[in-house]
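Peer 1: Based on what follows, work out the 3D shape:
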Amino acid sequence: MGRRSKDVKYHNSILAPFAVYTGIHLVTARVLRMSGVPEDHVLMLAEKVPSTISAVYTATQAMKLFGIIGAADEKGADRSNHDNINSRDNLENKDLNQQKRKQFHWQQGWDQPQYSDEIDRVFARHIGYTTYDLLVMMNKSHHPSAWVHHIFALFGTSAMRVFKQGAYFPTCFLPAEATVAITNVLYVVQKYYPGSHNLITLLLAIRCVMFTVFRFAAAPLCVTHALRNVTVLGADGKPRTNPTLMERIRAFSDKYFRTLHPVVSVGTCMNVAIFTGLNTWWTLLTYRALWKHIKQGRAKLNIHHI
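Peer 2: Next comes the predicted model:
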């Protein structure tokens, strides 16, 4: 049975991002009112600014953690520092940093040593934003799936900060926040420029691509990557070269999943199942909206915050 990890503490604030996003919302709302925007439009329009900022930050940081982006900067830094590497210590530190970057791809966060301040900071800011957004949602009716998404995201990231275990899968779903930006742009265009058929068609198509890449593919890619990189030991205690899928699944469960605290393991199963279901359903809805728009010249407004 797993245990709660207590030996590392981080102090990344939840209140600070909550205050920042709330402040941005209030300033935006005031500007909208001064610009003559109808009062019943202000709440949701003001929400689009902090939600876009949060989406870009969260998705970017998550992809950096996985090494999907930032490689060019690292290479540039390596070139600029090449002449300064004159000792074995520097070379060893460089190799260690590269090893740590690669490590996250598969097992970052499954046990205490891999849970880093960078992950904790992303989770803290995501919690701060989600709390703000839930308060906004309370002032207007929203689709039930949006509530499910936000509540489970809030509890999932909060549990990661408490137990500091199993951060791999929650982090896998964070790049999906990138879809919020295109959804917000589409919301504004559909609401205020409904006659822009070609522009709306283009935005709907872009949204389909982004949902397919960032949401629909998230769970399959993360599960596949985890299983491909798990070490399966033979009877002699040495790594197997070509283990079967079931052997990989058993090794994954025994070596990593069962070492987690029960709250984390159950929560991980629930969150992966729920977010996979929501992401699949929402992706299908984006294609249906595009099809209806092309065929009938109209598309329904978006489910909030997908």
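Peer 1: can we go C-alpha only for contacts and neighbour counts from here?
Peer 2: Noted.
Peer 1: Let me see the contact set for the most centrally placed residue in the chain.
Peer 2: Centre of the chain computed as the mean C-alpha position; nearest residue by CA atoms, centre = their mean is residue 174, 0.4 Å away. Residues in contact with residue 174, defined by CA atoms under 8 Å, 6 or more residues apart in numbering, are 58, 59, 62.
Peer 1: Look up how far residue 230 lies from the first one.
Peer 2: What that stands for is residue 58. 27 Å (CA to CA, to the nearest Å).
Peer 1: just the second one next, same as before
Peer 2: Note on residue 59: its distance to residue 230, by CA to CA, is 26 Å.
Peer 1: Could you do the last one as well?
Peer 2: In this structure, residue 62 and residue 230 are separated by 22 Å, where distance is defined by CA to CA.
Peer 1: of these two, who's got more company?
Peer 2: Neighbours were counted for residue 62 and for residue 230 using other CA atoms under 10 Å; residue 62 has more, 24 against 21.
Peer 1: Looks to me like that one is in a strand.
Peer 2: No - under DSSP: H, G, I helix; E, B strand; the rest coil, residue 62 sits outside any strand and is assigned helix.
Peer 1: which ones are touching it?
Peer 2: Residue 62 neighbours (CA under 8 Å, 6+ apart): 122, 171, 172, 174, 175.
Peer 1: What's the local residue count around residue 140?
Peer 2: Close neighbours of residue 140, defined as other CA under 10 Å, add up to 10.
Peer 1: For residue 268, which residues are in contact?
Peer 2: With CA under 8 Å, 6+ apart, residue 268 has these contacts: 156, 166, 169, 170.
Peer 1: What pLDDT is listed against residue 37?
Peer 2: Residue 37 carries a pLDDT value of 93.
Peer 1: next one: the one 10 residues further on
Peer 2: Predicted confidence (pLDDT) for residue 47: 96.
Peer 1: can you check residue 94 too?
Peer 2: 49.
Peer 1: out of the contacts of residue 174, who's nearest residue 285?
Peer 2: residue 59 (21.6 Å; CA to CA).
Peer 1: next one: the host helix or strand of residue 201 to chain centre, how far?
Peer 2: Using DSSP states H and E, the element containing residue 201 is helix 197-210. Relative to its parent chain, helix 197-210 has a centroid offset of 22 Å by CA atoms, centre = their mean, to the nearest Å.
Peer 1: Show me which residues of the next helix or strand after that helix are buried.
Peer 2: Where DSSP H and E defines the elements, the next helix or strand beyond helix 197-210 is helix 218-229. Neighbour counts over helix 218-229 (16 or more other CA atoms under 10 Å) mark 218, 219, 222, 226, 227 as buried.
Peer 1: residues of stretch 252-262 that come out buried?
Peer 2: 252, 256, 257, 259, 260, 261.
Peer 1: Of these, which belong to helices?
Peer 2: Among the buried residues of stretch 252-262, the members found in helices (DSSP state H) are residue 252.
Peer 1: Can you lay out the buried residues of stretch 252-262 as JSON lines showing pLDDT and distance to residue 294?
Peer 2: Output for these, formatted as JSON lines (pLDDT from 0 to 100; distance: CA to CA, whole Å):
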{"residue": "252", "pLDDT": "84", "distance to residue 294": "45"}
{"residue": "256", "pLDDT": "76", "distance to residue 294": "47"}
{"residue": "257", "pLDDT": "78", "distance to residue 294": "46"}
{"residue": "259", "pLDDT": "80", "distance to residue 294": "50"}
{"residue": "260", "pLDDT": "84", "distance to residue 294": "48"}
{"residue": "261", "pLDDT": "87", "distance to residue 294": "49"}
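Peer 1: Closest to residue 39 out of the buried residues of stretch 252-262?
Peer 2: Nearest member of these to residue 39, counting by CA to CA, is residue 261, at 47.6 Å.
Peer 1: what's near enough to touch residue 176?
Peer 2: 59, 211, 214, 215, 218.
Peer 1: And those, which is closest to residue 280?
Peer 2: Relative to residue 280, and with distances defined as CA to CA, the nearest of the contacts of residue 176 is residue 215, at 7.2 Å.
Peer 1: Let me know whether residue 257 touches residue 264 as I believe.
Peer 2: No - the pair residue 257 / residue 264 is not scored as a contact, 9.3 Å apart, by CA atoms under 8 Å.
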